[in-house]
Structures are given as C-alpha cells and as structure tokens.
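*Asks:* Here is my input; please provide its structure:
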Amino acid sequence: MENGKFVSYLRVSTARQGISGLGLEAQRAAVAAFLDGGDWTLVEEVLEVESGKRNDRPALATALKLCRKHRATLVIAKLDRLARNVAFISNLMESGVEFVAVDMPQANRFVVHILAAVAEQEAEAISKRTKAALAAAKARGTKLGGRRVSAERFAEIGAAARQVRSQKASQVRSELVPTITAIRATGASSLRAIAAELNARGIPTPRRVGHWSAVQVQRAMER
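*Replies:* Residues are numbered from 1 along each chain as shown. This next block holds a predicted model:
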C-alpha cells in the first residue's frame with residue numbers, strides 16, 4: 001500500500017515482447033499489486049523496448065523528466081528492468097529522482113548499487129557463455145539463425161493479440177456490472193466500499209491479479 005505520485009517504467013528487451021505483451025503484463029501486474037490499496041496517483045506509464053545493455057534510453061529519460069515535473073517516484077517491477085550496469089545505476093541515483101523496485105522496495109541506495117554490480121557481472125558471464133556456445137555450434141557445422149518475421153507481421157500479430165485481450169476484458173467487465181449493481185443496492189456507495197465487498201466475495205480482478213481497489217472499480221464502471 002503506497003501513497004503519493006508515481007511514474008511507472010516498464011521495459012522489454014525486444015520488439016516481439018513489446019507487441020505480444022510477453023513480460024509486459026507481468027511487470028504491470030506487479031506494479032499494480034505493489035501500489036494497490038494506497039492513496040496514490042499514477043501520473044503516467046512509460047514503456048520502453050530496448051536492450052538492458054544500453055544506457056541511452058529515451059523513454060526512461062522521459063519517465064525521469066515526468067518524475068521531476070510532478071515530484072513523483074519512479075516505480076519499476078524489477079531492479080534488472082533498469083540496467084545491468086553500475087554506471088547507469090549511479091547516474092540514476094544522482095538524478096535526484098526517487099525510485100523503488102517492487103521486488104525489493106526496502107533496498108537503500110547502497111544495496112541497489114551492490115545488486116547492480118552483481119547483475120552486471122552476471123550479464124557479462126552470460127554473454128561470454130552464449131558466444132562460446134555459438135562458436136562451438138558453428139564449429140560443428142550447425143546452421144545458426146532462424147526464420148525472421150517482418151515488422152508488418154509483428155504488427156499484425158500484435159493487433160490480433162490486443163483484440164483478443166480487449167474482447168476478454170470486455171466480457172469480464174460485462175459480467176461484473178450486475179455484481180457491482182447488486183453491491184451498490186446494499187448501500188455500498190463509495191468505490192472503496194464496493195472494492196472491499198468484491199474482495200470479500202472473492203471475485204477476481206479483470207486481470208486475475210491482486211485485489212480490487214477503488215481505482216479498479218472506477219475503471220470497470222467507466223468502461
């Protein structure tokens with residue numbers, strides 16, 4: 001349960017993950033569960049499709065700018081969503097923006113710095129092992145690479161996936177309307193009261209993750 005203003009920063013490593021939502025929904029759900037139930041405002045959700053090895057990420061720069069403008073805290077699902085790079089973490093900490101990682105909300109700056117160093121070393125080790133494995137495979141005559149999918153096809157797949165998710169969400173929301181109406185008829189007039197009753201009845205949220213909050217109830221009623 002958190003209070004205050006937040007800017008959510010979500011990052012995926014590839015265009016395929018960005019289009020399909022692979023990894024993205026898990027991050028969004030983790031952030032929502034972390035903030036759930038508190039008196040908070042999500043200023044904006046910023047999404048970036050970029051490799052963690054790179055430090056020049058314009059979307060993160062935008063997120064930090066929003067944090068400074070609104071005096072908000074940057075919230076991320078996992079520390080490794082920022083970068084596996086000590087210099088990058090250092091620059092972030094020197095930016096003056098407060099940030100919190102959902103998987104380690106109590107970590108102070110010293111701990112974060114150490115974890116970033118460990119993550120950077122791990123990333124380097126993984127890179128070396130991958131290169132060695134590819135070199136060995138090539139030496140055995142194994143053909144490397146695979147069938148590539150065009151950006152247009154990615155867009156088509158993404159549009160289809162979004163349509164399916166939208167249809168499922170609409171169906172879930174339509175099924176919730178009678179329940180919310182019945183709860184309001186019992187005298188639960190506030191969004192918080194409705195959320196509490198939905199949780200008490202064990203009714204899952206539209207995404208089947210976390211608990212009902214006033215914001216989620218409002219979104220369900222508006223849509």
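*Asks:* This protein - how does it break down into domains?
*Replies:* Structurally, the chain divides into domains by automatic domain parsing as follows: 4-115, 151-222.
*Asks:* just the strands in this protein please.
*Replies:* 4-12, 40-49, 73-76, 99-101 (DSSP state E).
*Asks:* residues near the closest residue to Ile183 other than its chain neighbours, how many?
*Replies:* Nearest residue to Ile183 in three dimensions, chain neighbours excluded: Glu197, at 4.8 Å (C-beta to C-beta, 6 or more residues apart in numbering). Heads up, the C-betas are built off the backbone N, CA and C, glycines and all. Neighbouring residues of Glu197 were enumerated by other C-beta atoms under 10 Å; the total is 19.
*Asks:* Can you check which of the domains of the chain gets nearest to Gln121?
*Replies:* Smallest distance to Gln121 across the domains of the chain (C-beta to C-beta): 8.6 Å, for domain 4-115.
*Asks:* Would you pull up how far the closest one lies from the middle of the chain?
*Replies:* 8 Å (C-alpha atoms, centre = their mean, to the nearest Å).
*Asks:* Next, the distance between the ends of it.
*Replies:* 26 Å (C-alpha to C-alpha, to the nearest Å).
*Asks:* Pick out the residue nearest the middle of this protein.
*Replies:* Gln27 (2.8 Å; C-alpha atoms, centre = their mean).
*Asks:* starting at the chain centroid, how far to the helix ranked longest in the chain?
*Replies:* If you go by DSSP state H, the chain has its longest helix at helix 151-185. Centroid displacement of helix 151-185 relative to its chain, using C-alpha atoms, centre = their mean, is 19 Å.
*Asks:* Which positions in it come out as buried?
*Replies:* Phe154, Gly158, Arg173, Leu176, Ile180, Ile183 (16 or more other C-beta atoms under 10 Å).
*Asks:* ok, now which ones touch the last one?
*Replies:* Contacts for Ile183 (C-beta atoms under 8 Å, 6 or more residues apart in numbering) come out as Ile194, Glu197, Leu198.
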